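Undergrad: Coordinates only, no sequence provided:
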């Protein structure tokens, strides 16, 4: 079972309490972008952005996260560089969205099952920040709101 250091999932009352930024950083470590660029280019320094996972909200049967693409110093985050990424990220073994969703489901500790997930289209928040929405559908043993 996937366990986070210092996290007892049985005492978590809300999704906001469960998916703190510390927990999300453990689920999706910030060095994952370095591993991706090393695999793609053979050099971490070739990467134009860092990737950070952020929890947005829980809606009735969905969890909403963002993959935040933050421009690295001295690099340029072009739209044409990021708009094709949802397709790439959905399949890439280093990004491993399927594994991330399984880890999230384990944190839910039997209270819900992750039934499917989807990466949305890249959104340009600013020239230094683009986001890719990750939506996870949930099925609950008992209905919660």
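TA: Good, I have the coordinates. Keep in mind the model is a prediction, meaning the values are calculated, not measured.

Undergrad: For beta bridges, what are the partners of the most centrally placed residue in the chain?
TA: Residue closest to the mean C-alpha point of the chain, counted by C-alpha atoms, centre = their mean, is residue 53 at 4.0 Å. Per DSSP bridges, the residues bridged to residue 53 are residue 67.

Undergrad: measure it to residue 131 for me?
TA: 11 Å (C-beta to C-beta, to the nearest Å). (Each C-beta comes from the backbone N, C-alpha and C, glycine too.)

Undergrad: same check, this time on residue 89
TA: In terms of C-beta to C-beta, residue 89 sits 12 Å off from residue 131.

Undergrad: now swap in residue 75 and tell me
TA: In terms of C-beta to C-beta, residue 75 sits 17 Å off from residue 131.

Undergrad: More neighbours: which of those two?
TA: residue 131 (21 against 15; other C-beta atoms under 10 Å).

Undergrad: So what touches stretch 23-37?
TA: 4-5, 7, 43-47, 49-55, 65, 67, 92, 94-95, 100, 103-104, 107 (C-beta atoms under 8 Å, 6 or more residues apart in numbering).

Undergrad: ok now it, how far from the chain's centre?
TA: Centroid separation for stretch 23-37 versus its chain: 9 Å, with C-alpha atoms, centre = their mean, to the nearest Å.

Undergrad: so where do the helices sit in this protein?
TA: 15-18, 21-27, 32-41, 79-82, 85-91, 97-107 (DSSP state H).

Undergrad: Mind putting those helices into CSV with distance to residue 139?
TA: Shown next, in CSV, are the helices of the chain (distance: least, C-beta to C-beta, whole Å):
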stretch, distance to residue 139
helix 15-18, 15
helix 21-27, 20
helix 32-41, 28
helix 79-82, 32
helix 85-91, 21
helix 97-107, 10
